[in-house]
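**Student:** using only what follows, build the 3D model:
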Amino acid sequence: MHSDIKEILVTEEQIDKIVKDIAEQIDRDYRGRDKKLLLLCILKGSVVFMGEIMKHVTVPVEIDFMKVSSYGSGTTSGRLNIILDLHRDNLQDTDIIIIEDIIDSGKTLAYLRKYLELKGANSVRTCTLLDKPSRREVDLVPDYTGCEIPDEFVVGFGLDYDEKYRNLPFVGILKPEVYSN
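**Tutor:** Numbers count the residues shown, from 1 in each chain. Now for the predicted structure:
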């Protein structure tokens, strides 16, 4: 697997610092609130990132999961299929932080934020490990951002290509010959 990586973009040490910094920000923002705090992981890629954040957040927190996919080929249609939905009572008493591994166009996250607001969540914020603002197609700025990255095909720390590379402890740029065959 390592031989398929062109370059390490975000090291294990950098990820560790990002996770701790975001957890501290979440603690500051939610300390003393009387609402439930829910970390909502968007499967599958975000599970590693959310698992690490959970270990460092000190305010009471709950977790849950959603899984979405785009209709048709690619994400250009902007239409999403919710495969695993969030089912909870009393969303009006819940502050949600959507946890994403990476934001490209922003369409999925913008849709999910609006969807959860319409379902009655008290508040909805967004958190991403990696941000590619150069690819943004909607007006979306994440509330918590690990780092901005260039428009490269990245894998590792939960991100995959063909279900491989998720278990790499860093984020690396995948060699083009691996995915362009």
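**Student:** CA only for contacts and neighbour counts going forward, please
**Tutor:** Noted.
**Student:** pLDDT wise, what is Met1 at?
**Tutor:** You'll see Met1 listed with a pLDDT of 76.
**Student:** does it really touch Arg166, like I thought?
**Tutor:** No - with contact taken as CA atoms under 8 Å, Met1 and Arg166 are classed as non-touching, separated by 10.4 Å.
**Student:** and the two? Which one has more around it.
**Tutor:** Neighbours per residue (other CA atoms under 10 Å) separate Met1 from Arg166, with Arg166 holding more: 21 against 9.
**Student:** the longest helix along the chain packs against which elements?
**Tutor:** Secondary structure of the chain per DSSP state H: the longest helix is helix 12-30. Here helix 12-30 touches helix 47-56, strand 144-148, going by 3 or more CA pairs under 8 Å, 6 or more residues apart in numbering; DSSP states H and E.
**Student:** closest to Val154 out of those?
**Tutor:** strand 144-148 (12.3 Å; CA to CA).
**Student:** can you give the contact residues for the first helix or strand past that closest one going along the chain?
**Tutor:** Using DSSP states H and E, the helix or strand that follows strand 144-148 in sequence is strand 154-155. Under the contact criterion CA atoms under 8 Å, 6 or more residues apart in numbering, strand 154-155 has outside partners 160-161, 165-166, 168, 171-174.
**Student:** C-terminal to strand 154-155, what's the next element?
**Tutor:** Going C-terminal from strand 154-155, and assigning secondary structure by DSSP H and E, you next hit strand 171-174.
**Student:** which parts of that following strand are buried?
**Tutor:** Neighbour-count burial for strand 171-174, counted by 16 or more other CA atoms under 10 Å, picks out 171-174.
**Student:** and of those residues, the nearest to Leu40?
**Tutor:** Val171 (21.7 Å).
**Student:** name whatever forms a beta bridge with the closest one.
**Tutor:** Val10 (DSSP bridges).
**Student:** and it, how close does it get to Glu52?
**Tutor:** To Glu52, Val171 is 15 Å away according to CA to CA, to the nearest Å.
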